[in-house]
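**Student:** Could you work out the structure for the sequence below:
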Amino acid sequence: MDTYQIYKYYFEHIYENIQLRNDLISLNENEHNSNNDNDNDTNSLINCNISLRFMEPNPFQIAIFIWVIGFVWQEIKQIFGSGIRVYLTSHSNYVDCLMNILYILHFIFLYSTMVLTRTSMNTFHSSVYWDTIARYNGTSDSEKEHLLTKTYHILYWINADRYYWNSGDSQNLAEAFFAMGNVASICRICFLLPIIGFVGPLQVNIYSTGQKYKNTLFLIFFYDAK
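**Tutor:** All right, here's what the predicted structure looks like:
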């Protein structure tokens with residue numbers, strides 16, 4: 001099923017179906033009331049000009065993911081190289097672990113959003129779904145409730161307009177975790193500042209630490225460039 005057919009079926013079976021539209025509006029109002037989010041337009045989920053979310057990572061996100069995996073692998077090698085007890089004696093390692101955890105959470109929520117969007121679009125490409133929606137007005141109440149929830153789920157996860165997202169949307173959480181990961185990576189510099197007075201004896205350590213911070217700054221600027 002091509003894009004033209006999807007928009008055609010969407011307009012005919014959802015946008016122009018008054019009963020389905022009213023049911024979706026009622027469900028949308030209930031969802032926003034339960035989330036204490038009443039400012040959103042209740043017609044949002046049946047807007048015929050919905051913009052689509054991303055369904056796959058772009059090259060920048062793939063590069064950042066590989067970069068983060070490199071950070072994690074570096075910490076794993078350090079743990080096995082020096083031992084867990086020695087590793088835990090350095091406070092900077094706690095910040096490194098926190099940064100890696102936050103970045104990993106970012107990608108977990110980011111990719112889960114893409115999976116939900118992809119599965120929703122796959123449903124939209126299914127002729128079985130549209131055949132069922134076409135009979136919406138004549139179905140039983142239980143079937144209507146199932147179709148209504150399913151359609152609401154699809155329309156929510158394909159809509160890229162942030163104005164209509166819930167505050168706890170996984171895309172918002174992904175970006176929040178990435179921002180906190182950037183803060184944690186900047187905080188690593190605090191462990192470098194006290195060493196300035198001992199530059200002579202610690203040149204090697206400063207060099208390795210400087211390499212670590214250079215990688216962190218590259219990651220931040222690389223993401224911003226996206």
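
**Student:** Point out the other helices and strands that the longest helix anywhere in the chain packs with.
**Tutor:** Scanning the chain for the longest helix, with DSSP state H as the assignment, gives helix 91-124. Under the contact definition 3 or more C-beta pairs under 8 Å, 6 or more residues apart in numbering; DSSP states H and E, helix 91-124 sits against helix 59-82, helix 141-158, helix 170-187. (C-beta placed from N, C-alpha, C; glycine too.)

**Student:** How far off centre is it?
**Tutor:** Put simply, helix 91-124 sits 6 Å off its chain's centre (C-alpha atoms, centre = their mean, to the nearest Å).

**Student:** tell me the mean pLDDT for it?
**Tutor:** The average pLDDT within helix 91-124 is 93.

**Student:** in that helix, what counts as buried?
**Tutor:** Within helix 91-124, the residues that count as buried by 16 or more other C-beta atoms under 10 Å are 93, 95-100, 102-107, 109-111, 113-114, 116-118, 120-121, 123-124.

**Student:** how many degrees apart are that helix and helix 59-82 in direction?
**Tutor:** 140 degrees (axes from the mean of the first three to the mean of the last three C-alpha atoms, to 10 degrees).

**Student:** what angle separates helix 91-124 from helix 141-158?
**Tutor:** Compare the direction of helix 91-124 with that of helix 141-158 by the same axes, to 10 degrees and you get 130 degrees.

**Student:** Give me the contacts around the helix or strand just after helix 91-124.
**Tutor:** Under the assignment DSSP states H and E, the closest C-terminal helix or strand after helix 91-124 is helix 127-134. Helix 127-134 has contacts (C-beta atoms under 8 Å, 6 or more residues apart in numbering) with 1, 9, 13-14, 20, 123, 139, 147, 150-151.
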